[in-house]
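A.B. asks: give me the fold of what follows.
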Amino acid sequence: VGVIVGAFPRLEELGLHLGGDCCTLVRLQRSLRSLCVRLSDESTAEELATRVLPRLSSLQRLDVIVLRQGDVAAAEQRFRGLVSSVVVRCCGDVRAMASKGILNVGSLCDGLGLVLEK
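C.D. replies: As a prediction, the model looks like this:
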């Protein structure tokens, strides 16, 4: 994350697979408007919710992709109210929507480590 933020300090939209330390995202607090993340573990989700999102004052939309359908409700509850628009989906739903053309995620899925079946 640090390399991306360092190279593009005024990013407005970002999509990435987060795992581990994500505090570097705070450096985008004035520019980042839309963030799409695939969360790899519980500690990363906790750090994002408690340390990062409250400091991203310009963030208007958060898309969260979790591994399992069973994790969607917990993630919705965790991130609700931290950003004006929060959408949580599981990996399977994102793949299904993309393969049907409902969701145009193209290279974003590659960046998040999702494989689209054709």
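A.B. asks: okay, CA-based contacts and neighbour counts for the rest of this
C.D. replies: OK.
A.B. asks: in the helix or strand harbouring residue 96, what counts as buried?
C.D. replies: Using DSSP states H and E, residue 96 falls within helix 91-99. Buried residues in helix 91-99, defined by neighbour count with 16 or more other C-alpha atoms under 10 Å: 91, 92, 94, 95, 98, 99.
A.B. asks: which residues does the residue most central in space within the chain contact?
C.D. replies: Per C-alpha atoms, centre = their mean, the C-alpha nearest to the average position across the chain is that of residue 37, at 1.8 Å. By C-alpha atoms under 8 Å, 6 or more residues apart in numbering, residue 37 lies in contact with 15, 16, 17, 18, 62, 63, 64, 65, 112.
A.B. asks: where does the first one fall, phi/psi-wise?
C.D. replies: Meaning residue 15. Recorded main-chain torsions at residue 15 are phi -130, psi 130, according to degrees, to the nearest 10.
A.B. asks: for the fourth one, same thing?
C.D. replies: Note on residue 18: backbone dihedrals following degrees, to the nearest 10 are phi -100, psi 130.
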